[in-house]
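Visitor: sequence plus the predicted model coming up.
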Amino acid sequence: MMTRSLFAAIGIVWAIAITPLTASAADAEIKIGFAVANLRANFFHQIKESIEKAGKEAGVTVITVDADGDPATQVNQVLNLLIDPNIAALIYIPTGSISAALPLVAAKAVGIPTVAIDRNPPGSPADTFIASDSVTGARTLGAWVVQQVGGIGKVAIIQGQLGTTPELDRDQGFNEALAEAPGMQVVTKQASAAWQQDEGFAITQDILQRDPSITVIFGRADALALGAAQAVKLAHLDHKVLVVGFDGDVTGLKAIQNGVLDATMTQRPQQIGRMALHSALDLIAHKPVPPVQLQQTTLTTRENVAQFIDNHP
């Protein structure tokens, strides 16, 4: 159900749409709004650092707002950005699937180009969408898991936010890999609300109490996998549980180096941030920009993790 604040935001969208820009706006400095879902997530924090660095190099001002995981807060933040007549483009990482399209609708209503990162609302997509190729990445991870357990395993999956682009894509890719191995059985899936480590811990505790014979756990994000690994350790099982994640967060990479996690797929947040800023500038200049720009991820295990800790892509 849509909250009262979101209903109010819809009214503001139309108010913005019929409000003319001031004559001096074109002569002012270029500003780019960056609305991020949650800067507590290392992946998003790295993207922020990259966007702001690229903006400084390009001589533009980046105005960053952090929703701290709250959709209503993010809608209001974006609408406040759009009131500024000097905002020339919007870079947007939605908090989730609920109301995710509204900020893009608002930006398009006033002719502001949009760049979506990581999550792209299907009903009202951004002018360009930049993300990791999570389908291919999860398929690669799944194939590695199958190989590690000899094609036989009982799999538990800790999902991210349901309905979001990364959750849907990682589900598709991992399922495609497991479909090639009849001995791999997904026995349970349970969704998190915010991709957080404490959720991964609590969900895994519940899963292992119901079925301690689980041999593989896929946390759809490194934070979820880290929580799962903690729960597995405390369970004192009599067998190895392979725990894998997805993201290549700094904490996840160090956990792989220390043997806490077995593998992850490392994303390229620094590259994604640079691409987002440059794409925004191209859109402002009316240059052609591909509607979708997917980036490769890298299977990361103890054998190759050091390079990503030293220099994250």
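Guide: Great, that's in hand.

Visitor: use CA for all of it now, contacts and neighbours both
Guide: OK.

Visitor: for the closest residue to Q161 other than its chain neighbours, what are its contacts?
Guide: Spatial nearest neighbour of Q161, excluding adjacent residues (CA to CA, 6 or more residues apart in numbering): A193 at 5.3 Å. For A193, the contact set (CA atoms under 8 Å, 6 or more residues apart in numbering) comprises G160, Q161, L162, E199.

Visitor: restricted to helices, list these.
Guide: Judged by DSSP state H, those include E199 as members of helices.

Visitor: dump the contacts of A193 into a markdown table; add pLDDT and neighbour count as well.
Guide: A markdown table is the format used below for the contacts of A193 (pLDDT from 0 to 100; neighbours: other CA atoms under 10 Å):
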| residue | pLDDT | neighbour count |
| --- | --- | --- |
| G160 | 95 | 27 |
| Q161 | 91 | 19 |
| L162 | 93 | 16 |
| E199 | 98 | 22 |
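
Visitor: and the contacts of A193, which is closest to T300?
Guide: Nearest to T300 among these is G160, at 20.1 Å by CA to CA.

Visitor: which residues sit in contact with that closest one?
Guide: P166, E167, A191, S192, A193, A194, W195, R220, A221.

Visitor: hang on, the earlier thing: max pairwise distance over the contacts of A193: which two?
Guide: Maximum distance among the contacts of A193 (CA to CA): 14.1 Å, for L162 and E199.

Visitor: would you mark the buried spots in stretch 99-113?
Guide: Buried positions in stretch 99-113, judged by neighbour count with 16 or more other CA atoms under 10 Å: 99-108, 110, 112-113.

Visitor: stretch 63-70 now?
Guide: Applying 16+ other CA under 10 Å to stretch 63-70 flags T64, V65, D66, A67, G69 as buried.

Visitor: any residues touching whatever helix or strand the first one lives in, and which ones?
Guide: Right, the one you point to is T64. If you go by DSSP states H and E, T64 is part of strand 61-66. Contacting residues not belonging to strand 61-66 are listed as 29-39, 48, 51-52, 55, 74, 77 [CA under 8 Å, 6+ apart].

Visitor: buried ones among the residues you listed?
Guide: Buried, going by 16+ other CA under 10 Å: 30-39, 48, 51-52, 55, 74, 77, out of the contacts of strand 61-66.

Visitor: okay, domains of the chain per the record?
Guide: 4-131+269-295, 134-266 (automatic domain parsing).

Visitor: which residues touch E176?
Guide: R139.

Visitor: I'd like the average pLDDT over the helix or strand harbouring it.
Guide: Assigned by DSSP H and E, E176 belongs to helix 165-178. For helix 165-178, the mean per-residue pLDDT is 97.

Visitor: among the buried ones among the contacts of strand 61-66, which two are most distant?
Guide: I30 and N38 (24.7 Å).

Visitor: ranges for the helices of the stretch 51-200 of the chain?
Guide: Assigned by DSSP state H, counting those that start in this stretch, the stretch 51-200 of the chain shows helices spanning 71-83, 102-109, 134-148, 165-178, 197-210.

Visitor: what comes up buried for the host helix or strand of L226?
Guide: Following DSSP H and E, one finds L226 within helix 222-235. Within helix 222-235, the residues scored as buried using 16+ other CA under 10 Å are D222, A223, L224, A225, L226, G227, A228, A229, Q230, A231, V232.

Visitor: and which of the residues you listed is nearest to G248?
Guide: Closest to G248 out of the buried residues of helix 222-235 is D222 (6.9 Å), distances taken as CA to CA.

Visitor: let's have the domains of the chain in TSV, adding distance to I309.
Guide: Shown next, in TSV, are the domains of the chain (distance: least, CA to CA, whole Å):
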stretch	distance to I309
domain 4-131+269-295	13
domain 134-266	7
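
Visitor: compare these and give me the one nearest T301.
Guide: Across these, closest to T301 is domain 134-266 (CA to CA), at 4.7 Å.

Visitor: does G219 touch Q197 like I think?
Guide: No. Contact between G219 and Q197 fails when scored by CA atoms under 8 Å: they sit 9.7 Å apart.

Visitor: what about the two, which has more around it?
Guide: In this view G219 and Q197 are compared by other CA atoms under 10 Å, and G219 has more residues nearby, 29 against 21.

Visitor: any idea how far the residue lying closest to the more buried one once chain neighbours are set aside is from A109?
Guide: Nearest residue to G219, sequence neighbours excluded (CA to CA, 6+ apart): A225, at 4.3 Å. Here the criterion is CA to CA, to the nearest Å. By it, A225 lies 40 Å from A109.

Visitor: and the residue nearest to Q161, its phi and psi?
Guide: phi -100, psi -30 (degrees, to the nearest 10).

Visitor: picking that back up, can I get the helices of the stretch 51-200 of the chain in a markdown table with distance to K154?
Guide: Shown next, in a markdown table, are these (distance: least, CA to CA, whole Å):
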| stretch | distance to K154 |
| --- | --- |
| helix 71-83 | 35 |
| helix 102-109 | 40 |
| helix 134-148 | 11 |
| helix 165-178 | 11 |
| helix 197-210 | 12 |
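
Visitor: fine, thanks again, bye for now.
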